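[1] Sequence first, then the predicted structure:
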Amino acid sequence: MSSDFIARLVGMVAFSIVGVYWGTYLGRLANQASGPFPFSVEQYAFTIGMVGALVGLILTPFFTTRPIKALRLQLSKLSARSLFASLVGLTVGLVIAALLAFPLSLLPSPLGQVMPFIGVVLLGYLGVAVFNMRQDDLFALLQGFSRPAGGLPVGPAEGTSPNWAESRTILLDTSVIIDGRIADVARTGFLPGSFLIPRFVLNELQYIADSSDSLRRQRGRRGLEVLAQLQREPSIPVRISDIDVEGVREVDDKLVILARQLRCPILTNDYNLNRVAELQGVTILNINELANAVKSVLLPGEMLSVRVIQEGKEAGQGVGYLEDGTMVVVEGGRGLIDQEVNVLVTKVLQTAAGRMIFARPEKD
């Protein structure tokens, strides 16, 4: 049974009992007055008791379980650092309010009765607000106290190798696992950190692998193979966690909230997730942006060799590709299809889809 159903039953019983007592009281008052057709006490008790049961059945969740669920949802969106800083700030504010309660109580009436309560509320709120705003400074101070007297961080024990990559967590999106390039990039060591795959991402990957559509099924199975390949690499820490975000159904929304809680980046190649996460202040590591960044840089006037493989959109154009996938549009290259030619770069364009190079065949 759900919590709402239990709350409705308890509220129905409680309100019906209150209604019976109230109906009995009203019935006695009504029967004391003279009237042509007065209701009996039992009729008053039964009627108002039934109304109370109906009110309790309908309204109880709105002031019991619903506010608790809303509070839990808001707390789940906060990071552990924010919760700890808020708790410390609330404690400090309440301690200061307790110290000021006695002097404030000596003020003339009615200030002596009101000001201690106002001081508790105001100082508690200020403590939470100030410590939450300065949480980074608070944790930096605590880390400073945890270091040895010399001020240097504690190194690994003798005979063990420092695994500095474990100090950073990177959330993996479903799209970047299916893409497959993450395994090669991680193997190079340019992504320091341990990869965290939440259970809901793994469930979505399994759902895609079980799809009735052959293309989606193939993509999902490739993602599972890439994940298994990552787990077999001893130099790549991979963790699958059961951590979840309550009250949210979409996987992308869960990833963004989880990244905010853990203060870690999301590795993805999903453009929509990239934009939504950036708007909420979450760091994004985009595989496509990395691929564009490592492509070779060519300037107008440089020479390169390319194989023309197809016709271009414009008349007389030929199209070829470099090893990194960069498209090369060769002016007048239509008659050079299936030939390896030396071309002179005339223009380089950077578009949303990647880099395009325009060139013309080298003159003999």
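    Sure thing, it's come through.
[2] What segments of the protein are helices?
    Counting by DSSP state H, one finds helices in the chain at the ranges 3-32, 41-59, 65-76, 80-105, 111-133, 135-146, 174-179, 181-188, 199-209, 214-232, 251-262, 271-279, 287-293.
[3] Point out the most buried one among those helices.
    helix 174-179 (a mean of 23; mean count of other CB atoms under 10 Å). C-beta: built from backbone N, CA, C; applies to glycine.
[4] helices and strands around it, which ones?
    Where contact means 3 or more CB pairs under 8 Å, 6 or more residues apart in numbering; DSSP states H and E, helix 174-179 is packed against helix 199-209, helix 214-232, strand 266-268.
[5] Throw those into TSV and include distance to V294, thanks.
    What follows is the helices and strands packed on helix 174-179, written out as TSV (distance: least, CB to CB, whole Å):
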stretch	distance to V294
helix 199-209	26
helix 214-232	20
strand 266-268	16
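[6] tell me the contacts of L73?
    Residues counted as contacts of L73 (CB atoms under 8 Å, 6 or more residues apart in numbering) are 246-247.
[7] tell me the domain ranges of the chain?
    Following automatic domain parsing, the chain resolves into domains at 3-67, 79-136, 164-292, 296-361.
[8] Format these as TSV; extra columns: distance to L73 and mean pLDDT.
    Shown next, in TSV, are the domains of the chain (distance: least, CB to CB, whole Å; pLDDT from 0 to 100):
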stretch	distance to L73	mean pLDDT
domain 3-67	11	83
domain 79-136	14	88
domain 164-292	4	85
domain 296-361	36	84
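[9] how about those domains, which one is nearest L142?
    When these are compared by CB to CB, domain 79-136 sits nearest L142, at 9.6 Å.
[10] Bridged to M356, which residues?
    Counting by DSSP bridges, M356 forms beta bridges with M327, L349.
[11] E314 versus that one, what's the distance?
    Here the criterion is CB to CB, to the nearest Å. By it, M356 lies 13 Å from E314.
[12] what does L99 give?
    Relative to E314, L99 is positioned 80 Å away (CB to CB).
[13] With G335 instead?
    14 Å.
[14] How about L298?
    Distance, L298 to E314, using CB to CB: 21 Å.
[15] out of those two, which sits in the more crowded spot?
    Between L298 and E314, counted using other CB atoms under 10 Å, the more crowded position is L298 (17 against 9).
[16] Test my guess that N342 contacts E362.
    Yes - with contact defined as CB atoms under 8 Å, N342 and E362 form a contacting pair (4.3 Å).
[17] which residues do those two both contact?
    Both N342 and E362 are contacted by M303, under the criterion CB under 8 Å, 6+ apart.
[18] on that earlier part again, wait, which of the helices and strands packed on helix 174-179 is closest to F46?
    Closest approach to F46 among the helices and strands packed on helix 174-179 (CB to CB): helix 199-209, 50.9 Å.
[19] what helices or strands is the closest one leaning on?
    On a contact count with 3+ CB pairs under 8 Å, 6+ apart, helix 199-209 meets helix 174-179, helix 214-232, strand 238-241, helix 251-262.
[20] Now do the second one: which elements does it pack against?
    It refers to helix 214-232. When contacts are defined as 3+ CB pairs under 8 Å, 6+ apart, helix 214-232 packs onto helix 174-179, helix 181-188, helix 199-209, strand 238-241.
[21] re the thing from before, for the domains of the chain, could you give me CSV that also reports distance to L142?
    Output for the domains of the chain, formatted as CSV (distance: least, CB to CB, whole Å):
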stretch, distance to L142
domain 3-67, 33
domain 79-136, 10
domain 164-292, 15
domain 296-361, 44
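[22] Now do the same contact list for L75.
    Shown in contact with L75 (CB under 8 Å, 6+ apart): L83.
[23] so who does the closest residue to L273 other than its chain neighbours touch?
    Leaving aside its chain neighbours, L273 sits nearest to D252 (4.9 Å; criterion: CB to CB, 6 or more residues apart in numbering). D252 makes contacts with 173, 270, 272-273, 276, as judged by CB under 8 Å, 6+ apart.
[24] Out of these, which comes closest to A291?
    For these, the minimum distance to A291 (CB to CB) is 14.5 Å, reached by D270.
[25] Give me the nearest residue to that closest one, chain neighbours excluded.
    Nearest residue to D270, sequence neighbours excluded (CB to CB, 6+ apart): S175, at 4.5 Å.
[26] close enough to count as contact, V55 and F15?
    Yes - in this structure V55 lies within contact range of F15 using CB under 8 Å: 5.4 Å.
[27] any idea how far V329 lies from V308?
    Taking CB to CB, one finds V329 at 10 Å from V308.
[28] quick one: which of those two has more around it?
    Legend: neighbour count by other CB under 10 Å for V329 and V308, higher for V308 (25 against 22).
[29] residues in contact with the closest residue to L171 other than its chain neighbours?
    Residue nearest to L171 in three dimensions, not counting chain neighbours: I266, with 4.7 Å by CB to CB, 6+ apart. I266 sits next to 170-173, 255-256, 259, 273, 277, 282-285 when contact means CB under 8 Å, 6+ apart.
[30] Nearest to A7 among these?
    A7 has its nearest neighbour among the contacts of I266 in V256, at 31.3 Å by CB to CB.
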